[in-house]
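Engineer: Below are the sequence and a predicted model; questions follow.
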Amino acid sequence: MIAHVPSIPPDGRHLYPLRIYYEDTDAGGIVYHANYLRFAERARTEALRAMGIPHAEMVGEFGRMFVVRRIEVDYQRPARLDDSLTVVTESVEVGGASVVLRQEVRGDTGACAVLIVGLACVAPGGNKPGRIPLRWRAALTAMRDARPTGI
């Protein structure tokens with residue numbers, strides 16, 4: 001496997017920029033609600049990669065992967081064609097076999113959607129939880145601990 005150099009964001013927040021394309025919108029010209037889940041998934045993958053703990057490496061080395069166990073979405077304002085957005089990902093809770101992330105999809109006028117995502121660590125194809133490998137747990141904990149106090 002390729003060795004990745006970990007890089008925890010200084011404020012515990014990973015930023016993933018994206019642009020809204022025509023394919024992302026519905027008949028009303030706003031981002032289709034389910035696309036926020038896709039944006040969040042991409043941002044989570046890039047956050048893990050940026051922190052030096054890519055998902056594919058966890059699967060390859062440890063036979064473990066993160067799956068979405070629970071997700072809560074609060075849609076706050078619409079995003080539209082050609083908007084420039086940023087998905088802000090932060091680690092909120094880190095357990096032995098689970099992680100809770102907060103992801104905010106932000107535009108120039110503020111939050112479009114806020115997602116609370118519960119991830120479980122499992123073997124591929126399985127549904128029984130397994131411990132998060134130490135390197136991943138340490139990085140996600142460091143990300144959580146780097147968040148400013150009061151958040």
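Structural biologist: That came through fine. Source: prediction; values computed, not measured. Numbers count the residues shown, from 1 in each chain.
Engineer: Can you pull out the residues in contact with the helix ranked longest in the chain?
Structural biologist: Counting by DSSP state H, the longest helix found in the chain is helix 35-50. Residues from elsewhere that reach helix 35-50 (Cβ atoms under 8 Å, 6 or more residues apart in numbering): 4, 7, 9, 14, 16, 18, 24, 54-55, 66, 71, 73, 75, 85, 87, 89, 101, 103, 105, 112-113, 115, 117, 136. Placement of C-beta: from N, CA and C, glycine included.
Engineer: And whichever strand or helix holds residue 89, what's buried?
Structural biologist: If you go by DSSP states H and E, residue 89 is part of strand 84-94. Neighbour-count burial for strand 84-94 flags 85-92, 94 (criterion: 16 or more other Cβ atoms under 10 Å).
Engineer: related to what we said a few turns ago, just the angle between the longest helix of the chain and strand 84-94, please?
Structural biologist: Compare the direction of helix 35-50 with that of strand 84-94 by axes from the mean of the first three to the mean of the last three Cα atoms, to 10 degrees and you get 70 degrees.
Engineer: Which residue would you name as the spatial centre of the chain?
Structural biologist: Centre of the chain computed as the mean C-alpha position; nearest residue by Cα atoms, centre = their mean is residue 44, 2.7 Å away.
Engineer: Which pLDDT value goes with it?
Structural biologist: For residue 44, the model assigns a pLDDT of 97.
Engineer: same thing with residue 7?
Structural biologist: Per-residue pLDDT puts residue 7 at 81.
Engineer: wouldn't it be in contact with residue 52 here?
Structural biologist: Yes - Residue 7 is within contact range of residue 52, at 6.2 Å (criterion: Cβ atoms under 8 Å).
Engineer: more neighbours, the two?
Structural biologist: Neighbours were tallied for residue 7 and for residue 52 using other Cβ atoms under 10 Å; the higher tally belongs to residue 52 (16 against 12).
Engineer: Thank you, goodbye.
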